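# Here is a sequence with its predicted model. Questions after.
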Amino acid sequence: MTLHLDDLRVRHLGECRYDSPFSESLSTKQTSPHYVAEGDRVLLEDTVSMLAGHDLPAGLVPSFEAAGPRRKIYFDPATVTAGVVTCGGLCPGLNNVIRGLVQELSVHYKVKRILGFRNGLQGLTAEHREDTVELTPEDVRDIHHAGGTILGSSRGGQDADEMVDTLVARGVDVMFVIGGDGGMRAATFLGNAIRARGLDIAVIGVPKTIDNDLPFTDQSFGFQSAFARATDFISAVAVEAAASPNGVGIVKLMGRHSGFIASYAALAANAADIVLIPEVPFVLEGADGLLAHVEQQVRTKGRVVIVLAEGAGQEHLGVPRHNGRGTDASGNVKLGNIGELVKERITAHLTAEGLTPTMRYIDPSYAVRSIAANAYDSVYCLRLAHAAVHAAMAGRTEAAVARWRRRFVHVPLSLMTSRRNQVDPDGDLWMSVLETTCQPARFGRAPVREKVRAGFC
Ligand SMILES: Nc1ncnc2c1ncn2[C@@H]1O[C@H](COP(=O)(O)OP(=O)(O)O)[C@@H](O)[C@H]1O
Ligand SMILES: O=P(O)(O)OC[C@H]1O[C@](O)(COP(=O)(O)O)[C@@H](O)[C@@H]1O
Ligand SMILES: [Mg+2]
């Protein structure tokens, strides 16, 4: 898919007529290596050959609108009511984003009314629309020290028109949706429904997911905290496996369709011999299959450590890939338990070969995503929150804030859900995993994988 400049344009609600609280400090600012001036844009692509491939003047090559404060804003802060909701699975940093939004809205823009909708998008239904919490800087002062979300979250579908009715009923002018691919999709439908009714409500998404499977963002917030925590479990099974006869350590991590947590945690721990991810199918049996490689590791090193993403090897669970076990309330495919299957098959194989294993299996899924954000993610969440507030107050809508090539930008919501970010088996991240683990590029002649990624993503 080739993207053009027009695909990357963000919708504006209208002319910005009010002075921003930042107008004075912005008056002399210019683009520098550390700042993108309003009006300047951030390139989509970053190599000479990709830019040359467009054969277009610099101003027409695909680029994102830069995030950040504007000198003039669209909404009169004195009359604004803001809404915030967190949806989908937990992710480190949710509370940091909520805190950042509330602080920026209250302290700098002097917005007086901020409503937190409870328990995800369920909170925007007619039944729950009155069950909101008023958020003040005092209320959120210490929330960033805790994991989870003070607002609660949920999965499950809601009607876009009913949600718009709620925003109208509660007088919301700017709505912040903190969510993953599902949440961004819901925000897109919400924005469409608002536009269809000709309402003046801004919808800004803040992309969240520990899976890092959202496109057009370098890494999603919380991802670093999550994989750092996962590293502890890999180190633990590595120690256990090394101290046991025929030690086999297995850590099963989250990652429905994308193996980023497994890959990064394995690199950080630098203790895994094998990493299995959804993007790289594998064969169990045969001379070049997974089981033979595990056996060889145990014979030569006396142990083996395996890190696998929950979405890996679903084809071994007797259901068609990405399909067949039903879906959760949000429509996400329910996965089979590949960790248990690999554990059982390795145990049976090694036992049959006279290498009865000492099995150390850990599934730390919720322990990884329920923690508080680390220092890096705390900074990232705060800056995303600031960018989201600036975007909304300047009348941007149907857009997400994201960091792209280290710059904060506005991304049309429709693009955030246009594809899934996955580990590229031909890319340099997976190459680093192979270099570190020394596992073969493929276990057996696995089926040809689907090519779902765009070249630049
Ligand atoms: N296609 C969709 N249309 C409308 N709402 C959706 C859609 N996909 C997901 N949602 C809603 O978005 C919310 C979050 O989605 P979910 O997939 O659970 O988590 P996440 O946002 O973390 O991906 C849920 O309430 C879900 O019902
Ligand atoms: O058990 P739950 O809450 O449905 O969540 C499981 C899923 O949530 C995740 O942690 C993140 O998913 P989302 O980004 O969609 O929230 C996945 O890795 C995992 O498959
Ligand atoms: Mg999701």
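Everything's here; your move. Ligands and ions are numbered 1, 2, ... in the order given.
# nearest residue to whatever residue of the chain ends up closest to ligand 3 other than its sequence neighbours?
Closest contact between the chain and ligand 3, by Cβ to the ion, is at G180 (3.6 Å). (Glycine included, C-beta is placed from N, CA and C.) Spatial nearest neighbour of G180, excluding adjacent residues (Cβ to Cβ, 6 or more residues apart in numbering): T209 at 3.9 Å.
# Tell me who's in contact with the one you found.
Listed by Cβ atoms under 8 Å, 6 or more residues apart in numbering, the contact set of T209 reads 88-89, 91, 180-181, 220, 222-223.
# Pull the contacting residues for R70.
Per Cβ under 8 Å, 6+ apart, neighbours of R70: 16, 20, 22, 26, 38, 390, 393-394.
# so which of those comes closest to ligand 2?
Here the nearest of these to ligand 2, counting by Cβ to the nearest ligand atom, is H390; it sits at 25.1 Å.
# Provide the secondary structure category for V401.
What DSSP: H, G, I helix; E, B strand; the rest coil gives for V401 is strand.
# Give me the nearest residue to L94, chain neighbours excluded.
Spatial nearest neighbour of L94, excluding adjacent residues (Cβ to Cβ, 6+ apart): T149 at 4.0 Å.
# give the contact list for the one you found.
Counting by Cβ under 8 Å, 6+ apart, T149 touches 86, 90, 94-95, 98, 178.
# Q158: which of these is nearest?
T86 (14.2 Å; Cβ to Cβ).
# what's the distance between the residue nearest to L94 and ligand 1?
Using Cβ to the nearest ligand atom, to the nearest Å, one gets 11 Å for the distance from T149 to ligand 1.
# Let's see the pLDDT reported for the residue of the stretch 1-150 of the chain found nearest ligand 2.
For the stretch 1-150 of the chain, the residue closest to ligand 2 is G89, as judged by Cβ to the nearest ligand atom, at 2.7 Å. What the model reports for G89 is a pLDDT of 96.
# cool, T327 as well?
Looking at T327, its pLDDT is 88.
# Residues of the stretch 51-200 of the chain that sit close to ligand 2?
Residues of the stretch 51-200 of the chain lying close to ligand 2 by Cβ under 6 Å from any ligand atom are 88-89, 180, 182.
# same thing but 5 Å
Along the stretch 51-200 of the chain, the residues adjacent to ligand 2 under the rule Cβ under 5 Å from any ligand atom are 88-89, 180.
# tell me the SS of the spatially closest residue to I371 that is not a sequence neighbour?
Closest residue to I371 apart from its sequence neighbours, by Cβ to Cβ, 6+ apart: G147 at 4.7 Å. When classified by three-state DSSP, G147 comes out as coil.
# Now tabulate the residues of the stretch 51-200 of the chain next to ligand 2 in JSON lines and tack on neighbour count, secondary structure and distance to D76.
Formatted as JSON lines, these follow (neighbours: other Cβ atoms under 10 Å; DSSP: H, G, I helix; E, B strand; the rest coil; distance: Cβ to Cβ, whole Å):
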{"residue": "G88", "neighbour count": "23", "secondary structure": "coil", "distance to D76": "33"}
{"residue": "G89", "neighbour count": "22", "secondary structure": "coil", "distance to D76": "36"}
{"residue": "G180", "neighbour count": "24", "secondary structure": "coil", "distance to D76": "33"}
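# Pull the number of nearby residues for D139.
By other Cβ atoms under 10 Å, the residues close to D139 number 16.
# Could you pull up the contacting residues of it?
With contact taken as Cβ under 8 Å, 6+ apart, D139 is in contact with 102, 133.
# Where do the helices of the stretch 351-457 of the chain begin and end?
Assigned by DSSP state H, counting those that start in this stretch, the helices in the stretch 351-457 of the chain fall at 365-369, 375-393, 413-416, 428-437.
# so of these, which one's packed in deepest?
Stretch with highest mean neighbour count among these: helix 375-393 (a mean of 24; mean count of other Cβ atoms under 10 Å).
# tell me the pLDDT at the residue nearest to G191 when sequence neighbours are not counted?
Leaving aside its sequence neighbours, G191 sits nearest to E398 (Cβ to Cβ, 6+ apart; 3.8 Å). At E398, the model reports a pLDDT of 98.
# which non-adjacent residue is nearest N192?
Nearest residue to N192, sequence neighbours excluded (Cβ to Cβ, 6+ apart): A160, at 7.0 Å.
# Ignore what I typed, I meant A373.
Using Cβ to Cβ, 6+ apart, the closest residue to A373 is G93 (3.8 Å).
# just H386 next, same as before
The shortest distance from H386 to any non-neighbouring residue, by Cβ to Cβ, 6+ apart, is to E104 (5.2 Å).
# Next, give me the two most distant ones among the contacts of T149.
Using Cβ to Cβ, the two most remote members of the contacts of T149 are L90 and I98, lying 13.0 Å apart.
# More neighbours: which of these two?
I98 (28 against 20).
# residues touching that one, list them.
Counting by Cβ under 8 Å, 6+ apart, I98 makes contact with 84, 86, 116, 135, 140, 143, 149-151, 178, 385.
# What's the separation between it and V10?
In this view, I98 and V10 are 23 Å apart by Cβ to Cβ, to the nearest Å.
# Put the alpha carbons of stretch 166-173 into PDB.
The C-alpha atoms that make up stretch 166-173 are tabulated as PDB, following Å, rounded to 0.1, in the frame of the first residue of the first chain:
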ATOM      1  CA  THR A 166     -23.700  10.200  25.800                       C
ATOM      2  CA  LEU A 167     -21.100  12.800  24.800                       C
ATOM      3  CA  VAL A 168     -23.900  15.200  23.900                       C
ATOM      4  CA  ALA A 169     -25.800  14.400  27.100                       C
ATOM      5  CA  ARG A 170     -22.700  15.100  29.200                       C
ATOM      6  CA  GLY A 171     -21.700  18.100  27.200                       C
ATOM      7  CA  VAL A 172     -18.400  16.700  26.200                       C
ATOM      8  CA  ASP A 173     -16.400  18.800  23.600                       C
END
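# contacts for that stretch?
Contacts of stretch 166-173 (Cβ under 8 Å, 6+ apart): 75, 79-83, 113, 115, 117, 124-126, 129, 132, 175, 194, 199-202.
# Give me the buried entries from the residues you listed.
Buried members of these, counted by 16 or more other Cβ atoms under 10 Å: 75, 80-83, 113, 115, 117, 124-125, 129, 132, 175, 194, 201-202.
# before we move on, back to that, from the contacts of stretch 166-173, which land in helices?
Here DSSP state H is the test, and the contacts of stretch 166-173 give I194 as lying in helices.
# Of the contacts of stretch 166-173, which ones also sit close to ligand 1?
Among these, none lies close to ligand 1 by the criterion of Cβ under 5 Å from any ligand atom.
# Show the residue spans covered by the helices in the stretch 101-250 of the chain.
So, for the stretch 101-250 of the chain - with DSSP H, counting those that start in this stretch - the helices run 160-169, 181-196, 223-242.
# I'd like these as JSON lines, with mean pLDDT appended.
Shown next, in JSON lines, are these (pLDDT from 0 to 100):
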{"stretch": "helix 160-169", "mean pLDDT": "98"}
{"stretch": "helix 181-196", "mean pLDDT": "97"}
{"stretch": "helix 223-242", "mean pLDDT": "98"}
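# The residue nearest to H386: how many residues sit nearby?
Here the number of neighbours of E104 (other Cβ under 10 Å) works out to 21.
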